[in-house]
Each structure stands twice: as C-alpha cells, then as structure tokens.
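*Asks:* return a 3D structure for these sequence lines:
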Amino acid sequence: MIMFGLFKRKTEAEKLNKKYDKLMQEGYELSTINRKASDAKYAKADQVLKQIDKLTQPQSS
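*Replies:* Below is the predicted model:
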C-alpha cells in the first residue's frame, strides 16, 4: 500500500508551496549578505504566494 504513494503526482499548489518555501529560505540566507537580492527573493516569493491563493480560493459562481 505504501508503495503506491511513491508515484503520486504533486498538485500545482504543492509545487508552488515548495517553490515558496525555497524562495523564503534563500531570501533569509541573503538577508545578511545582500539586502537587495534578499528583497528580490521575497518579492518573487510574494508572487508565488498570490498564485497559491488563487488556486486555493473557492470558486464563486
């Protein structure tokens, strides 16, 4: 039974969450070295977060 979970495809929201986490981590690491690059990473992370919100919001008719 566990083996079948190995081949489960990730949803778009899961992929975006992983990308968001990665960008936030990179932004944090850059925050003490290069503030401008850190701000750029956080801006990209914010854009990804907005995409996640669009995907997870319930569709209103």
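*Asks:* whatever helix or strand Glu29 lives in - contacts with which helices or strands?
*Replies:* According to DSSP states H and E, Glu29 maps onto helix 12-30. Helices and strands touching helix 12-30, by 3 or more Cβ pairs under 8 Å, 6 or more residues apart in numbering; DSSP states H and E, are helix 35-56. Every residue, glycine included, has its C-beta placed from N, CA and C.
*Asks:* just the mean pLDDT for the helix it packs on, thanks.
*Replies:* The pLDDT scores in helix 35-56 average 95.
*Asks:* tell me which residues touch the spatially closest residue to Glu12 that is not a sequence neighbour, please.
*Replies:* If the residues on either side of it in the chain are set aside, Glu12 comes closest to Leu55, at 6.0 Å by Cβ to Cβ, 6 or more residues apart in numbering. Contacts for Leu55 (Cβ atoms under 8 Å, 6 or more residues apart in numbering) come out as 12-13, 16.
*Asks:* ok, Leu30 touching Ala37?
*Replies:* Yes: the pair Leu30 / Ala37 is scored as a contact, 4.8 Å apart, by Cβ atoms under 8 Å.
*Asks:* who's more crowded, the two?
*Replies:* Ranked by neighbour count (other Cβ atoms under 10 Å), Leu30 and Ala37 place Leu30 first, with 17 against 14.
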